[in-house]
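Peer 1: Build me a model:
(2 chains)
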Amino acid sequence: MAFLTIQILNSLLYASVLFLIAAGLSLIFGVMRIINLAHGSLYAVGAYVTAWLVGRGIALGLPSGWLFLLLPFGALSVALIGIVIEPLLLRPFYRRAEEYQLLVTFGLIQILEDSIRLIWGGTPLSADALMDALPIIHVGGLLYPAYNLVVIGIGVVAALALWVAIYHTKFGVMLRATSQDRRMASALGLNVGLVYVMAFGIGCFMAGLGGAIVVPTQAAVLGMGIDALVIAFVVVVIGGLGSLKGALVGALVVSFVRTAGIQFFPELELAVLYLIAALVLLVRPTGLFGTA
Amino acid sequence: MKPDPNTPRNRSLLRLAAAMAPILLLLILLPTFVETYQIQLVTYGLIAAIAALGFNLLLGYTGLLSFGHSAYFGIGAYTVAFVVQHLGPHSMEFYILIGIPVVAIVSALFGYICVRHTRIFFGILTLAISQVVYSLVLKLYWVTGGSDGLRVPRPALLLGLLNFSGPRAFQQFITSYYYYVLAIFVVCVVLMWVVVHSPFGKALQAIRDNEVRARFLGLSIRRFRWISFLVSGTFTGLAGILWVPLNGLTTPDVLYWTFSGEIVFSALLGGFRNFTGPIVGGIVFTYLKTYAVATTEYWQLLLGVVLVTLVLVLPTGIVGGLSMLGLRLSKGRS
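Peer 2: Prediction:
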């Protein structure tokens, strides 16, 4: 029973991180109709920046409780990168065929991945001081790090905050209006360019936050972004691109399948995920909750 | 019936032949004045060109962007490796004879699923399916060697007529293999040219340009796309088959989706709106990558910058840019 609880907690932990990545990807697609292939790499940047900041913090002798305050900065730095990238690199492509959008973001992956290697080198960067700062708790006789519960909590809070922001604020109305009809929104006096920058920034912030909260549980390594992107694809394909609910359900499905897969069929775990994605695409091309 | 040399089709065939003849002559004479390493590099380039040529039937002529062509390249390569391991005869013709039906069947199967969608969903579906293949090859290590991959020794060429052993075996193999690949390359170019200029190819372009109108004309859209996918995957698979004896080893890297990205990159670099674009792109990309890897540890960064600049500044690729330049020059003269 305790074992099952741990597995469920692990699934929820993974789902939180996946939701953050996939929701950002989905939000960007929903508003701007582009698939940002570099999204996973932005998540990796969030992880690296956070791990680096934590390392600096420890070197400066910050007490471990204070280190938690560094987590948002990892996410914010990624949002900043997004705010620079969108007008500079993506804006020229909205009117052009989507092949070009995919290609430019593919180029961005290569740039970001190698920039990470250039800045932080090839050795994994760890921030497990944060994990050690919190106690280990007992779950029915088994040990479980309390930090993982914090991650799950952040995932829940992020999901709620995003939901409130999109469906219950004025900005959310602007966002949805732009998403439904860009030209009409523009004609009604909305600053579409600003909405785009904001949406892209928020999407990147979510990816960065995902990286920031995951890095204390597992070190930041090269290639983590590319792996994350492909899994995030599976999430949004299952849930439906451009749907917040879809990202949530997709993240839960993927994380539970994956946790069970690692336990029971480790060789086929990834293949099963992609197969689920392919099946969903065949039966319901727009995903379970998608409208695109 | 005698072919009429004045139909537009035959005229453009003549133009293609006229343009290709000097290049072909240069390629034939190449081994006499460059060293083995350069020959090897050109061979890699020709193979990349075949892969991009196949890929472009989908992107340039059918209007479908596949982000999963690594699957067909990799399946070609792994088929050869399996044949080496389990069936024995080290003959290149045997590899091709077994390999082509395998990649054709796999392309037909995957294509049947993928052509149900277009645009972005087609891209994601092809990517997802190629990742299924990748993760299976990576995880089923007792069959595939996992991330270590599988070794493929130098095969005999031309039904065992050419065997390679002794002190200069490597040089001899590279030179012979270069001609071998060159011959197949020429066959592929001619075949692809015939395909895109056939009524079938014209139908693909009609579907690409206006799907609704093409449907009104009574074209069975999905079937045309499916056959296009099948041909495209088979060409790219053939490139994989030819690549593996040259490389001597196949690893899951050639199945990973970033490798699909490199194929897309090649086609775009040359220009996917031209027939010759992907050929030029495949060869130039091979050199570009080799050069970048040799110059800097951060070659991906360099390639990424090139790609982004290219998409921003020269979206029609090298061939498109050159032909535009030529057009402007000839206009200026008259």
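Peer 1: would you list every one of the strands in chain B?
Peer 2: B:150-151, B:249-250 (DSSP state E).
Peer 1: ranking these by burial, who's on top?
Peer 2: strand B:249-250 (a mean of 20; mean count of other C-beta atoms under 10 Å in any protein chain shown). For the C-beta atoms, the positions are set from N, CA and C on the backbone; glycine is no exception.
Peer 1: Show me what that one pairs with in its sheet, parallel or antiparallel.
Peer 2: Strand B:249-250 has the following strand partners under DSSP bridges: strand B:150-151 (antiparallel).
Peer 1: residues in contact with the nearest residue to B:Val244 once chain neighbours are set aside?
Peer 2: In space, and not counting its chain neighbours, B:Val244 is closest to B:Ala77: 4.2 Å by C-beta to C-beta, 6 or more residues apart in numbering or on different chains. Shown in contact with B:Ala77 (C-beta atoms under 8 Å, 6 or more residues apart in numbering or on different chains): B:Gly240, B:Ile241, B:Trp243, B:Val244, B:Thr250, B:Val254.
Peer 1: Any quick PyMOL command for the buried ones out of those residues?
Peer 2: Burial among the contacts of B:Ala77 is assessed by 16 or more other C-beta atoms under 10 Å in any protein chain shown; the matching PyMOL selection reads:
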select buried, chain B and resi 240+241+243+244+250+254
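Peer 1: Tell me the one of the contacts of B:Ala77 nearest A:Val31?
Peer 2: B:Val254 (35.8 Å; C-beta to C-beta).
Peer 1: OK, contacts around that closest one?
Peer 2: With the criterion set at C-beta under 8 Å, 6+ apart, B:Val254 makes contact with B:Ser70, B:Phe73, B:Gly74, B:Ala77, B:Gly240, B:Trp243.
Peer 1: Leaving out sequence neighbours, find the closest residue to it.
Peer 2: B:Gly74 (4.5 Å).
Peer 1: Tell me how many other residues crowd that neighbour.
Peer 2: A total of 29 residues lie near B:Gly74 under the criterion other C-beta atoms under 10 Å in any protein chain shown.
Peer 1: Make CSV from the strands of chain B and add distance to A:Leu67 and mean pLDDT to it.
Peer 2: Shown next, in CSV, are these (distance: least, C-beta to C-beta, whole Å; pLDDT from 0 to 100):
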stretch, distance to A:Leu67, mean pLDDT
strand B:150-151, 46, 82
strand B:249-250, 45, 86
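Peer 1: quick one: which of the ones you listed is nearest A:Ala158?
Peer 2: strand B:249-250 (42.1 Å).
Peer 1: gap between that closest one and the chain center?
Peer 2: Its chain's C-alpha centre and that of strand B:249-250 lie 18 Å apart, by C-alpha atoms, centre = their mean, to the nearest Å.
Peer 1: Excluding its own residues, what touches that strand? List them.
Peer 2: By C-beta under 8 Å, 6+ apart, strand B:249-250 touches B:Gly74, B:Ala77, B:Tyr78, B:Val80, B:Ala81, B:Gly149, B:Leu150, B:Arg151, B:Val152, B:Val244.
Peer 1: Not counting residues beside it along the chain, what's closest to the third one?
Peer 2: If I follow you right, that is B:Tyr78. Ranked by C-beta to C-beta, 6+ apart and with sequence neighbours excluded, the top spatial neighbour of B:Tyr78 is B:Thr250, at 5.9 Å.
Peer 1: which element is the residue lying closest to A:Ala212 once chain neighbours are set aside on?
Peer 2: Using C-beta to C-beta, 6+ apart and skipping the chain neighbours, the partner closest in space to A:Ala212 is A:Gly74 (3.5 Å). Here A:Gly74 is covered by helix A:71-85, with elements defined by DSSP states H and E.
Peer 1: List the buried residues in stretch A:76-86.
Peer 2: A:Leu76, A:Ser77, A:Val78, A:Ala79, A:Ile81, A:Gly82, A:Ile83, A:Ile85, A:Glu86.
Peer 1: who are the neighbours in contact with the spatially closest residue to B:Pro153 that is not a sequence neighbour?
Peer 2: Spatially, and ignoring its direct neighbours in sequence, B:Pro153 is nearest to B:His90 (6.5 Å; C-beta to C-beta, 6+ apart). Counting by C-beta under 8 Å, 6+ apart, B:His90 touches B:Val84, B:Pro153, B:Arg154, B:Pro155, B:Ala156.
Peer 1: Going by distance to chain A, which of these wins?
Peer 2: Nearest to chain A among those is B:Val84, at 23.5 Å by C-beta to the nearest C-beta.
Peer 1: Isn't that closest one up against B:Val152?
Peer 2: Yes: look at B:Val84 against B:Val152 with C-beta atoms under 8 Å: they come within range, at 5.3 Å.
Peer 1: Pull up the residues of the stretch 1-150 of chain A that are close to chain B.
Peer 2: For the stretch 1-150 of chain A, the contact set with chain B under C-beta under 8 Å from any C-beta of the partner chain comprises A:35, A:89, A:92-93, A:96, A:98-100, A:102-104, A:106-111, A:113-115, A:117-118.
Peer 1: Give me the buried subset of the residues you listed.
Peer 2: A:35, A:89, A:93, A:98-100, A:102-104, A:106-111, A:113-115, A:117.
Peer 1: Which ones among these map onto helices?
Peer 2: Counted as lying in helices by DSSP state H, out of these, are A:98-100, A:102-104, A:106-111, A:113-115, A:117.
Peer 1: which residue packs closest to the residue in the stretch 1-150 of chain A that chain B sits nearest to, ignoring adjacent ones?
Peer 2: The nearest approach of the stretch 1-150 of chain A to chain B comes at A:Gln110, 3.1 Å away (C-beta to the nearest C-beta). Distances taken as C-beta to C-beta, 6+ apart place B:Gly304 nearest to A:Gln110, at 3.1 Å, with adjacent residues excluded.
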